[in-house]
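Colleague: Give me a 3D structure for the following:
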Amino acid sequence: ADPWLGPDLKEVLHRLYAEGKRVVVICPVGFVADHLEVLYDIDVECRQLAASLGMRLERAPSLNDRPRFIRALAEIVRAHAQAAGAS
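Modeller: Residues are numbered from 1 along each chain as shown. The predicted model follows:
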């Protein structure tokens, strides 16, 4: 398995706290839908850590099955299919 690219979010929270930051907004751009790493790692573990440090942590909502996002994905698939001659 490939090693985790990082950075470790908990380490980042500690660093931000040391820098005097007290409000953090996380946008997990590598994940377009809610799942274990988002719902537990961020919403539970990291939020608890932030609270214990006296910080406020918020997470930008995931795109999930929002119609605009699904339409954008469909447009990308159609464009690639047409380019490949599979229309």
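Colleague: isn't L16 right up against I26?
Modeller: No - between L16 and I26 there is no contact under CB atoms under 8 Å: 10.8 Å. Every residue, glycine included, has its C-beta placed from N, CA and C.
Colleague: Run a quick neighbour tally on L36.
Modeller: Applying other CB atoms under 10 Å, we find 7 residues neighbouring L36.
Colleague: what's the spacing between it and R66?
Modeller: Distance check for L36 against R66: by CB to CB, to the nearest Å, it reads 20 Å.
Colleague: How far off centre is stretch 18-35?
Modeller: 7 Å (CA atoms, centre = their mean, to the nearest Å).
Colleague: List the buried residues of that stretch.
Modeller: Residues V24, I26, D34 are the ones in stretch 18-35 that count as buried (16 or more other CB atoms under 10 Å).
Colleague: which one of those residues is nearest C46?
Modeller: Nearest to C46 among the buried residues of stretch 18-35 is I26, at 7.3 Å by CB to CB.
Colleague: Enumerate every residue touching the closest residue to that closest one other than its chain neighbours.
Modeller: In space, and not counting its chain neighbours, I26 is closest to R59: 4.8 Å by CB to CB, 6 or more residues apart in numbering. Shown in contact with R59 (CB atoms under 8 Å, 6 or more residues apart in numbering): V25, I26, C27, P28, V38, I42, D43.
Colleague: What does the pLDDT read for A86?
Modeller: On the pLDDT scale, A86 is placed at 62.
Colleague: now do N64
Modeller: 95.
Colleague: Also P3?
Modeller: For P3, pLDDT reads 80.
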